[in-house]
Each structure stands twice: as structure tokens, then as C-alpha cells.
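Trainee: no sequence for this one, just the structure:
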């Protein structure tokens, strides 16, 4: 989280520069779509129709300059124009950090399906299988797939604009959509990151637990040629996920169809929740009143006659109790 936060804090400077540049907007001019850096970075030397080359470019780009200044500015503008068009000075960076913090609270939790994986993981530790070594590649493969997919989402946003327009007046605006994500759900990426970090942390913790409990020469520890690569892979996964994949997820996850509740400040969120609860209560009361009215006059008449009989009985009791 420290490494990811350090990377995201670098984008704060870009946010400040964008606000300063927007203060003195001049007349809009017509620009060829290929001249925008956001488009040129994705398709310079790579054919727009080549799906294989696009995926290869996305795979390589996650290791260097995963998010450039033009990427940040374009995706920020696309989010604002889609979800808060009336507020061009929206603090996108602050919102993105709040959304990442909310997602991180879910990432550090442990769900039931993760414990099932741990049980299976432990049962597969058979002598000669070197299970701990081979399974250490699983989070690495998933992490590379997630990073490639996040980069490819950005490439798809650029491709959609380049496909629909040959020239654009003013700034380049992308159209966020859930269709660019696996299963049409950006949350799938979060679940995969959750699994990757849990499985990697479990492997490292298991290594140190065996080391301190049974010693380095224990049969559970496996052979040295299988131990060192496991530790190296664990460190690589942690660094790559922290400094590249998590920041990449923080901004690309906002390119879905909907926005998170973190778009509002905390006190506004509480006010909206209270308003929603009151509105739900009013709806339930109106439904109860409508159901009572639909019960018919017969029930109402019977209850009225019963109430009159009760009052008459009470008056007779009072008269009997009066002194003569």
C-alpha cells in the first residue's frame, strides 16, 4: 500500500497542472485524432486492427510507464464528462484515492473461499510433487494477466475513439463502459487482486512459520533449489502488484459504466444514507396505509361498532360506581 500510494501521489501534480490549464481555456480547434498523445502511444507502429499486437503491447506496457500523463488526463476527462459534466473542476485524484482505500479494506479481508484454497493447498503437499514451488507461479500468472487486461482496457478506450472519429474539436473524451472488463464487471479485477495478494502473503508467511517451527532442513521445507525461486517470485509479485498493478487498477476501475459512492464526501454519504432510509420508511408506511384502505368498509364498520360498545360499557360502569 505504501508503494502504491507513492505512485499515485505522483499523479497529484498532474491533477494540479490540469486545473491550472483549465483556468485559461482558449478557443477549441479541430485536431486529427492521430495527433493526440493518448492515441499515438497505443497505436504508434501498432495497427489498430491487430488484436494480437495490441495485447502484446498491453502486456509489455505494464512494466514501464503503466499510466502516463496523457492517460491520466484523458481518463479523468472521460470520467467527468460521463458522471459529473456540470463540475469540470471535480477533484478526480481525491475521489480515486478514496475509492482505492475503500477497495483496499476489502482486499485485506479473508473470505471463506480463500480458506478452502488454503486447505486444498496444504493437502496437495505430497512428497516429490514440489507443490509449493509450482503453485507459486499461479499468482504471478494471474498478476500478469490482470496487468495486461487493465492496460488493454485503456487501449480499447483509445480504439473506440479512433474508430468513431477522424478529427475531434477540443479535448479528447473517452466513453467509460463496463463492456471493456471481464464479464462486464470491473469488480472481477478486484477479486483477482485479492486472491493474488492473499495467496502470495500466505506462501511467504508459511515459509517463515516452517523456518521458525521446524528449521530450514525440515522435510516440509523442500529442497533449496525450489525454495529460492519461490521467495524471489514472492518478492517480484509484491513489488509489481504494489507499484504497478494497484495504481493501474485505481484509475482504470473508474472507467466502468457506474461510479462509486466515494464520489461524495463522507458527511454527504451519511446524509444520503439517512435520506434513503427515511424514503424507504415513507414508502413502507404508504404501502401499509393503502393496504388498510383496500381492506374495505366492512372491517372498518365492525371495528367502529365494537368501539361504540366498549364506550357504552365503560359509561354503564361509571354510572354504577357513582354515589347515590
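Mentor: Received it, and whenever you're ready, just let me know what you need. Here the structure is a predicted model, which means the values were calculated and not measured. Numbers count the residues shown, from 1 in each chain.

Trainee: Could you count how many residues lie near residue 145?
Mentor: 14 (other Cβ atoms under 10 Å). All C-beta atoms are positioned from the backbone trio N, CA, C, and that covers glycine.

Trainee: ugh, typo on my part, it should be residue 108
Mentor: 11.

Trainee: got it, and residue 285?
Mentor: Residue 285, neighbours per other Cβ under 10 Å, totals 10.

Trainee: Then residue 171?
Mentor: Neighbour tally, residue 171, other Cβ under 10 Å: 15.

Trainee: again, but for residue 74
Mentor: 23.

Trainee: who touches the closest residue to it other than its chain neighbours in this structure?
Mentor: Among residues not flanking residue 74 along the chain, residue 38 sits closest, at 4.4 Å (Cβ to Cβ, 6 or more residues apart in numbering). Counting by Cβ atoms under 8 Å, 6 or more residues apart in numbering, residue 38 touches 70, 71, 73, 74, 158, 172.

Trainee: redo that, cut-off 10 Å
Mentor: In this structure, residue 38 makes contact with 68-75, 77-78, 154, 157-158, 161-162, 172, 174, judged by Cβ atoms under 10 Å, 6 or more residues apart in numbering.

Trainee: host element of it?
Mentor: helix 37-43 (DSSP states H and E).

Trainee: Same question for residue 168.
Mentor: strand 167-169.

Trainee: other SSEs contacting that strand?
Mentor: Helices and strands touching strand 167-169, by 3 or more Cβ pairs under 10 Å, 6 or more residues apart in numbering; DSSP states H and E, are strand 30-32.

Trainee: so what does the strand it packs on touch, helix or strand wise?
Mentor: Strand 30-32 packs on strand 167-169, going by 3+ Cβ pairs under 10 Å, 6+ apart.

Trainee: average pLDDT across the following helix or strand past the strand it packs on?
Mentor: Of the helices and strands lying after strand 167-169 in sequence (DSSP H and E), the nearest is helix 187-213. Averaged over helix 187-213, pLDDT sits at 89.

Trainee: Stretch 20-36 now?
Mentor: 72.

Trainee: end to end, how far does that stretch reach?
Mentor: 20 Å (Cα to Cα, to the nearest Å).

Trainee: if we can go back for a sec, chain center to the helix holding residue 38, what's the gap?
Mentor: With Cα atoms, centre = their mean, to the nearest Å as the basis, helix 37-43 stands 25 Å off its chain's centre.

Trainee: Show me which positions of that helix end up buried.
Mentor: Buried residues in helix 37-43, defined by neighbour count with 16 or more other Cβ atoms under 10 Å: 38, 39, 41, 42, 43.

Trainee: do the same with stretch 61-71
Mentor: Applying 16+ other Cβ under 10 Å to stretch 61-71 flags 61, 62, 66, 67, 69, 70, 71 as buried.

Trainee: Could you let me know which of the residues you listed ends up closest to residue 181?
Mentor: residue 62 (16.1 Å; Cβ to Cβ).

Trainee: per-residue confidence for the closest one?
Mentor: Reported pLDDT for residue 62: 89.

Trainee: ok, back up a step: hmm, which two among the buried residues of helix 37-43 are most spread apart?
Mentor: Across the buried residues of helix 37-43 (Cβ to Cβ), the longest gap, 10.0 Å, separates 38 and 43.

Trainee: before we move on, the earlier item: show only the entries of the contacts of residue 38 found in helices.
Mentor: 69-75, 77-78, 154, 157-158, 161-162 (DSSP state H).

Trainee: Residue 129 should be in a strand, yeah?
Mentor: No - under the criterion used here (DSSP: H, G, I helix; E, B strand; the rest coil), residue 129 is coil, not part of a strand.

Trainee: for it, phi and psi?
Mentor: phi -80, psi -20 (degrees, to the nearest 10).

Trainee: Report pLDDT for it.
Mentor: pLDDT, read off for residue 129, is 79.

Trainee: Quick check: which ranges of the stretch 1-150 of the chain have low pLDDT?
Mentor: 23-28, 44-49 (pLDDT under 70).

Trainee: at 80 what do you get?
Mentor: Low-confidence segments of the stretch 1-150 of the chain, defined by pLDDT under 80: 1, 22-31, 41-50, 86, 88, 108, 125-130, 132.

Trainee: which residues touch the helix or strand residue 60 falls within?
Mentor: Assessed by DSSP H and E, residue 60 sits inside helix 51-61. Contact partners of helix 51-61, identified using Cβ under 10 Å, 6+ apart, comprise 41-48, 50, 66-68, 71, 144-145, 147-156, 158-159, 244, 248.

Trainee: which residues touch residue 19?
Mentor: Neighbouring residues of residue 19 by Cβ under 10 Å, 6+ apart: 88, 89, 91, 93.

Trainee: Quick check: can you list the domain ranges of this structure?
Mentor: 2-263, 273-321 (automatic domain parsing).
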